[in-house]
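[1] Below is the structure, and that's it, no one-letter string:
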């Protein structure tokens, strides 16, 4: 099959899909610019509220409540869409509107490229959110370290200095998630 025939087949299937979407009112709503603007407005409101909330409650709690939730409750009563839900709807809107509005031609090449870039940003953000393990490492000039610190994961660790007092070695560590009230903590190697 030649490249021209393949392009013609792709164009025919795209036109066929556009006709199916055009006849469906639900898909027309999902592809609408009104939904895009509403999602962007809600995201700006969530960003503003999250920033104000962060001042009193800290970055971690603001991130969980506003930027890591599907739905949040205003005054613990009124449901409001969370950032995850709004971004999912916006990504769906982007994909469906791509098939409804954009006709493939060289004149629309820039629009196609911009939409593909936004879709790639959504995919990368989702991948980072669900699969990344974030930590930090603070060093002074000339300093070395063999570990990084986490903002959210904590551990109880015992350290011992080396005989020459040049370095510190970890003797034992226990993950905070494994601790519970009333449970005795034992470090077998140190007999503590």
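    Cool, the structure landed. These numbers come from a predicted model, not from an experiment.
[2] which residues touch the most centrally placed residue in the chain?
    Centroid check for the chain by CA atoms, centre = their mean gives residue 129 as the closest residue, at 3.4 Å. By CB atoms under 8 Å, 6 or more residues apart in numbering, the contact list for residue 129 reads residue 68. No exception for glycine: its C-beta is placed from N, CA and C like everyone else's.
[3] Can you list the low-confidence ranges for the protein?
    Within the chain, the set of residues satisfying pLDDT under 70 comprises 1-11, 13-23, 102-106, 161-162, 165-171, 189-192.
[4] which stretches of it form strands?
    With strands called from DSSP state E, the chain shows them at 71-74, 78-81, 155-161, 168-175.
[5] Distance of residue 160 relative to residue 179?
    Residue 160 sits 21 Å away from residue 179, taking CB to CB, to the nearest Å as the criterion.
[6] same thing with residue 67?
    Where residue 179 is concerned, residue 67 sits at a distance of 28 Å (CB to CB).
[7] Could you do residue 101 as well?
    55 Å.
[8] show me where this structure has helices.
    Remark: helices assigned in the chain by DSSP state H are 3-23, 25-30, 33-57, 59-62, 83-101, 109-131.
[9] how about the nearest residue to residue 176, chain neighbours excluded?
    In space, and not counting its chain neighbours, residue 176 is closest to residue 154: 4.1 Å by CB to CB, 6 or more residues apart in numbering.
[10] One more: residue 155?
    residue 173 (4.9 Å).
[11] List just the one of the strands of the chain that sits closest to residue 144.
    Shortest separation from residue 144 across the strands of the chain is recorded for strand 168-175, at 11.8 Å, computed as CB to CB.
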